[in-house]
Every structure is written in C-alpha cells, then in structure tokens.
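Chemist: got a structure for you, letters missing:
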C-alpha cells in the first residue's frame, strides 16, 4: 500500500510507482539464470567460509571404534557388582590387548576399548594397591564408553548443500576422513561508481568534487559474504561510457553492482544505459524503502545488475535489501544468510513514513543483561558516520508510522556490541 | 574456590591444583613480550577486517562543502516567508552559480549549495508554472542543507587504534580521502597436533587410528579472527620430536598452538617438552573449566604457547577461553573481541559441577521474537557433532551447580540462528 506523499514524490522523481522491496526482490531473483552453480573441489584448509556444493553424508562411523570416554580402567561390568567405597572389588591389572574376567586395563580418554571389556571405571573411583586395583563403584555395561558411531553414524547427513563451512564443520569433515570438499565457486561481482563529482581517495579534489567511497564499502560487503569483486572504477555521467563499462563488466562477472546515476540531475543514467544494452533490462526502479528509494534492479543475459544510489547510506541499505540475497543465491545458499539479531528496547521514539519500509540505524548497548537501542540521527542519510556510529538497524514495516520509546524491537546487528557498566 | 572432587581428580591427573581461567589468562598474557606490534600500510581495499594500528582523525570536514540534503531548489529562506499551499510565493529560476533575491536554482541531493542560497525547498513542495517556481512552504535558514563538517568535523577522531576495519569504516576513510591505512600485521600462529593414534584426513587409518581434525579447526578459528597460520603437521608422542617441532615453530611464528599430549597415558608430553626448551615454560596447567581442564599455558622467549587437549570439544573451548584473547592481543586490540550474544530462555535444565566454569553447548532458536536455548548433550565432550549441532554456548560460573529450565541465560553465538515458525 502506498500513500499520497510517496506517490507524489515518486512521480516527481520520474517513477511511475514505487515497488515493495519484497516483491521487487522476488521478481528480480526469479529472472536470473544461475543454474547450474559452478563447483570446485578444494582442500579442507582452503574451505573456511565457503559454501558446500553438495549434501555430505558420513562415509563411516564416528568414533570409528568403541573408546573410553574417561581416564580410568577398562573392565567387565559384571566384575563390579556390589562394589562400593566400603566394599571395593579387587581386580588384577593387565597390559594385554584383551581384558579377561577379574582383570582391568588402564585406558585414557579416547583410547580404543580393549577386547573383552564392556565398561570403564573412572580413575577417581579406584586405587592401585599392591599391584591390584581397588574399584569403589558398580558399573553398568557400556558405562563411560563412547560407542562406535555415537558421534555420527555412517550414512548420516552431516552437511547440507548450501551450508556455510564454519571451523567446526571443517573439523567434523576431517574427523570423518575428508581431505577435500566440493564448494560452490565464489561469484564474481563487478563494481563501478558513476558521477562527474567523484575522485579517487588519495587524489586532489577540486572545490566541488568529493572522494568516491562506495566502491570500497560495497566490495567489502560482497567479500564478507564470500564473493570476489572486480573494480571497474569511477565512470563519468556519460551514457556511452556507462553503457560500455557495464557491458564489459557483464562479460567478466556474474553480477554487477553500480552506485550513483540512479537520479542524476533528474536523469536516470545507469538505468537508461542498462535498458540500452538489452532486454529485459530494468525490471524495478523506485522501491518503497527509506533510504534507498532510487534503487533499481535489472537483468541482462540472465545476470543481475544492482543499481544503487550514490548516497552512501542508501547504497548500504540497498545492498542489505538486495545485494545480500543476490550473493547468497549466487553462492548456492537455499536462504539468505541473516545478520545476527537481538531484541532491544528503544531509548527514544523515532518517526517513519507510512508506506515505506524504513531502515533506522541504531546503536545497541547491553546493560544489566538488557539490550537498548539508541536511534542514530535518521536525518542526513548521506552521513556515513551514522553507519560507523551505529551497530545495527531496525526495519520498520510499511504499515507503521514509527517506533515508540520503550518499545521492544528486533535489531539486525552489523557491528560489535559493547557492554556498558 | 575449588571443590573436593576436582582437587582429587586434578591430583590423579598429576595437577597440583586447578587454576581459575581468568587468573591463568591474565598471568599468561602479562608474561608475553609483544610490543611494539608490527605495523604495515595497506591500500583500503586490502584492509577489510584488519585492525587499525593508529588513531585516525579526519584530515578535513565531511561533507567538504555545504550541500543539498534533498532533491529540490536552492533559494534564500527569507524569500519564503509566509508561503503556504494556499498562498505560494513565486520565484524565478536561474542556472547561474549564484542565487540572487527572489531566485531559485534546481539542485539534487548531494549537490554543492549555490552561492547566495541558504536553504533548499523539497521538490514535492513546489511546482513549476510558466517558467516560474511556486513554493508552498516557508523555510528556515539552513533548511534541508547538509552543512560542511556535519558528518565529520576536521580533527575529529574517526577510528581508534585497535579497531576492526569493517566495510563502513573503510567507506568513511575513503570519503575523507584516505587511500591507505596503517594496520597491525597479522600475527603468525604455528599449529601442530601430537598423537601416535592420529593420521591425516585422506590417508588410510589402521584399526586403532583416528583422523586428525583439530588443526583445521584451530587454524580456521585463528583465521576468522585475522591471524595467519603455519601448519606443523602431526607429531608423534615422542619428547624429542615434540621439542624439536615446537622449537622451530617458535622461531617462525609469533605464537604456537598445540593439541594433544597434555595428558597422554598419564604423561604430559607437550608441557614437558616446553619446559625442556626454556624458562619460564609452562605457567599454568590444569584449568578450572569444563571441558578443557588439561589445557596448559606456556611462555618461551616472550612468545605464547597454548597447549590444548586433543579432545576436539575441549580444544574448541580452550581456544575460545585462551586463543581468542591471545590473538586479539597480538592484533593490537585493546580488548578481546566478543562473540555476538543473545539472551535466551533455557528449554531444559542442565547440571554442572561446582568449582568449574562450565561451557554448555546449546542450540538457540527464535520463536515469536523470544530466543530459546536447547542444551546439546553435554556428555561426550569428544563429540564433534555437538559443536555442529549447536550454535552457541553458555558459560556457567564456578559458583553455580547448573541452569534451571526456564532460566534466562546469556548465550555466546558462534553459529547462525534460524527463526522457527
């Protein structure tokens, strides 16, 4: 549902209508031709944070054999019937591979269970006395034993296709004997910025120029998710130049992200360039989110083009809303990987606009185990420092006009969270 | 404070006493000689997730000039006195660089404010009519203008030494004209595993052998934090061989992490090897945590050696307790970077031992905006799958005997968190 002011503003900006973010995202991702996703086999120690290309099942039991779960003595459980600290049973110690009746063999955590043994008594429930072992407790069969297959059973699915390979998954893969794993290839994302006013950081700007800062942010955000990026630099506000650069970027990359030129002096240079290159071109332009309304989504040759505003905060929000799901999809993940979330209490009220999904930047702190969200000036969506001073954002839905002080909200965290004392 | 059973167990394991984790950590980190931390200047696009070596202040104002915060028309505010939708004021449009009385110039978000103008009226509060501009609202001086320095003031500290460089920090650095940044060098961590029973994943194990799986886990955990790792392979349970490998690793690396050999068949091979190499050697062995009691901390030539259990879960916990703070310190961070935390409700009770800081693995889910923590079998600390089936842990302090069902707890998250519907 859209509201009068937005419709007016959208028309003035040249948009026929604003599209809801969810609807636009679904249509865009649905129009991509990305299957089959390329796969590559890598050694485990290069697989950190990659995405598994296949379901993986255990090719054997883990542990591979019955083993002791404690430091102690392997024995036959029925030799300990009635044992207690006041009435210990006495067993003889053996060094052989097999434990016979009335015998015990010293074992340490993880050691294979000797043949003939069916339980392990813990060190602290025994005492060696004159070459014999006093056992002070009665044990059940299987006591203190890790059974073969107790951790993972042969044939059990341990990793699903599309899962992110964390350190613990890699450990489990190694424990099952895998030295390599098939992962999806890193999608290659081309990144370019447009704008006559832009100069490279490090250069000398003239009076009305500004330093370009979106490419390093966007390529970093892509790389955090596990994509590779190719930098296509700064392009002037010139239709030919933009068309040419996007054409080359599409040949070399799996997707392209641009920033700037969505509403330049009233002209939409990048969307126009994309539509000049081919069909379907731009499939949504003008999204009912704030900031980031001028975001456009396009498809050419089955590849995605994400056309972000030149405004840094709008570019950051546009990336979260569209870039993150795109890259997760290109990585072969079944769902978009979420940011960590916390539930927090608003320290102040915030006003938002009906009809727009609004991203409110907040700084969350933790105090006596309660999380508080302090809104960071939602005005000035061009202010990059509002991103570095905040550590998360709240998404206020279209049908809300703001958040109340004291209201409990869900915050998506992108920065670290300190504890305040 | 330690309790009878623990003291008994510690003695049986050969420990004179168990040391509290906090005390051991403080003593260990305090004994390291790590200053000055090496620095290196890198281009911004290679600085992602590195740690700033220095405080950084803004070398100029951001924005660099007064600019329009909206799409609209720059004008003199006093020309709009009394304007309303029913009584618009009429201004003439100019294309000149300067706005005179009764003039307006079209500007877009981010454009420099033309000379003479002191406010910007939003597009949607105007209408062009017969070459003139109707303005429907009254503006205050400074209205809809981003003032020079509004985002960041020249001389303002924007990044503190020791801060992790996230995508947004990199964007801010670029916007201020920085093309490079001085970061701390990645600490180099040597990693080795000891144990006669271990074979490399991919090899053919004999009946009683197991696949080594801790090195890939530990090196991944180090790399997630931003360290480099050097693999020293699997070493046999042989004092000479262990001594030799650790000596070489210490020459090549800033710190060494070992796994296994803290309590092998009753012998502490790795601690013994370390003590053979030099002084002070092992400064704590036997820590009052569960799992991971057999962890040892050592220092040689001012460098840290973290001696972890061969038990995978104990190695993972030992890394969180000691490895994470070590690497953060070597990276030049003022504090240990925490894992994300959530507050959750226990779905079941869990028993823990008095006198031991206990790490309870849990699987946290979110349901109707409440987080629930389901304990994952705390038995079987050798079970790697308990790490992949959980996504966080709860630290139960020494003075507690467990957690109650329904109790509210703080969970440190290491895995992703799904929403359940």
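Modeler: Thanks, I have the structure now. Because the structure is a prediction, the values reported are computed rather than measured.

Chemist: any idea how many residues pack against residue A:100?
Modeler: 14 (other C-beta atoms under 10 Å in any protein chain shown). (Each C-beta comes from the backbone N, C-alpha and C, glycine too.)

Chemist: ok, and the closest non-adjacent residue to it?
Modeler: residue A:116 (6.1 Å; C-beta to C-beta, 6 or more residues apart in numbering or on different chains).

Chemist: start to end distance for stretch A:385-398?
Modeler: Stretch A:385-398 has its terminal residues 26 Å apart, counting by C-alpha to C-alpha, to the nearest Å.

Chemist: what average pLDDT does it get?
Modeler: When pLDDT is averaged over stretch A:385-398, the result is 94.

Chemist: which residues belonging to it are considered buried?
Modeler: Across stretch A:385-398, burial judged by 16 or more other C-beta atoms under 10 Å in any protein chain shown covers A:385-396, A:398.

Chemist: from those, pick the one nearest residue B:272.
Modeler: residue A:391 (45.9 Å; C-beta to C-beta).

Chemist: quick one: contacts for the closest one?
Modeler: A:362, A:363, A:364, A:413, A:414, A:415, A:416, A:417 (C-beta atoms under 8 Å, 6 or more residues apart in numbering or on different chains).

Chemist: restricted to helices, list these.
Modeler: Among the contacts of residue A:391, no residue falls in helices (DSSP state H).

Chemist: among these, which are in strands?
Modeler: A:362, A:363, A:364, A:413 (DSSP state E).

Chemist: in TSV, list those residues along with pLDDT and distance to chain B.
Modeler: Shown next, in TSV, are the ones in strands among the contacts of residue A:391 (pLDDT from 0 to 100; distance: C-beta to the nearest C-beta, whole Å):
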residue	pLDDT	distance to chain B
A:362	96	14
A:363	96	13
A:364	96	11
A:413	94	6
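
Chemist: and those, which is closest to residue B:300?
Modeler: For the ones in strands among the contacts of residue A:391, the minimum distance to residue B:300 (C-beta to C-beta) is 39.1 Å, reached by residue A:413.

Chemist: identify the bridge partners of the closest one.
Modeler: residue A:392 (DSSP bridges).

Chemist: pretty sure it contacts residue A:343?
Modeler: No - applying C-beta atoms under 8 Å, one finds residue A:413 not in contact with residue A:343, separated by 11.3 Å.

Chemist: the two: who's more crowded?
Modeler: Higher neighbour count among residue A:413 and residue A:343: residue A:413, with 20 against 17, using other C-beta under 10 Å.

Chemist: show me what contacts the more buried one?
Modeler: A:339, A:340, A:341, A:342, A:364, A:391, A:392, B:340.

Chemist: now do the contacts for residue A:62.
Modeler: Contacts of residue A:62 by C-beta under 8 Å, 6+ apart are A:149, A:151, A:152, A:172, A:175, A:176, B:384, B:385.

Chemist: and it, what's its pLDDT?
Modeler: Residue A:62 carries a pLDDT score of 95 in this model.

Chemist: picking that back up, most neighbours among the ones in strands among the contacts of residue A:391, which one?
Modeler: Result: residue A:362 is most packed of the ones in strands among the contacts of residue A:391 (other C-beta under 10 Å), 27 neighbours.

Chemist: chain neighbours aside, what residue packs nearest to that one?
Modeler: residue A:373 (4.1 Å).

Chemist: give me the element the one you found is part of.
Modeler: strand A:370-375 (DSSP states H and E).

Chemist: what residue is smack in the middle of chain A?
Modeler: residue A:337 (4.4 Å; C-alpha atoms, centre = their mean).

Chemist: correct me, but that residue touches residue A:224?
Modeler: No - the criterion here is C-beta under 8 Å, and residue A:337 misses it with residue A:224 at 10.2 Å.

Chemist: ranges for the helices of the stretch 251-400 of chain A?
Modeler: Assigned by DSSP state H, counting those that start in this stretch, the helices in the stretch 251-400 of chain A fall at A:269-277, A:312-318, A:324-330, A:385-388.

Chemist: between those, which one is closest to residue A:86.
Modeler: The nearest among the helices of the stretch 251-400 of chain A, by C-beta to C-beta, is helix A:324-330 at 63.3 Å.

Chemist: and the residue lying closest to residue A:27 once chain neighbours are set aside, how many neighbours?
Modeler: Distances taken as C-beta to C-beta, 6+ apart put residue A:283 closest to residue A:27, at 6.0 Å, once the chain neighbours are dropped. By the criterion of other C-beta under 10 Å, residue A:283 has 16 neighbours.

Chemist: who touches residue A:283 in this structure?
Modeler: By C-beta under 8 Å, 6+ apart, the neighbours of residue A:283 are A:24, A:27, A:28, A:31, A:297, A:298, A:299.

Chemist: ok, back up a step: farthest-apart pair in the contacts of residue A:391, please.
Modeler: A:362 and A:416, at 14.0 Å, using C-beta to C-beta across the contacts of residue A:391.

Chemist: flag every residue of the stretch 201-350 of chain A that's near chain B.
Modeler: Counting by C-beta under 8 Å from any C-beta of the partner chain, the residues of the stretch 201-350 of chain A lying close to chain B are A:201-202, A:205, A:207-208, A:210-221, A:223-224, A:231, A:263-266, A:310-312, A:316, A:337-338, A:340-343.

Chemist: among those residues, which are in strands?
Modeler: A:210, A:211, A:231, A:341, A:342, A:343.

Chemist: which one of these is nearest to chain B?
Modeler: Comparing these against chain B with C-beta to the nearest C-beta picks out residue A:211 as the nearest, at 4.9 Å.

Chemist: contacting residues for that closest one?
Modeler: With C-beta under 8 Å, 6+ apart, residue A:211 has these contacts: A:198, A:199, A:200, A:201, A:203, A:205, B:174, B:175, B:176, B:177.

Chemist: the residue nearest to residue A:100 - how many residues pack around it?
Modeler: Counted with other C-beta under 10 Å, residue A:116 comes out at 17.

Chemist: so what pLDDT did it get?
Modeler: 97.

Chemist: and it, how far from residue A:90?
Modeler: 18 Å (C-beta to C-beta, to the nearest Å).

Chemist: do residue A:232 as well
Modeler: Distance, residue A:232 to residue A:90, by C-beta to C-beta: 81 Å.

Chemist: so which of those two has more stuff around it?
Modeler: residue A:232 (20 against 14).

Chemist: so that one touches residue A:250, yeah?
Modeler: No - the pair residue A:232 and residue A:250 fails to qualify as a contact (C-beta under 8 Å) at a distance of 10.5 Å.

Chemist: could you tell me which residues touch both of the two?
Modeler: Taking C-beta under 8 Å, 6+ apart as the contact criterion, the common neighbours of residue A:232 and residue A:250 are residue A:190.

Chemist: read off the pLDDT value for residue A:330.
Modeler: For residue A:330, pLDDT reads 98.

Chemist: show me the contacts for it.
Modeler: By C-beta under 8 Å, 6+ apart, the contact set of residue A:330 is A:34, A:37, A:187, A:227, A:254, A:255.

Chemist: okay, and which of these map to strands?
Modeler: residue A:255.
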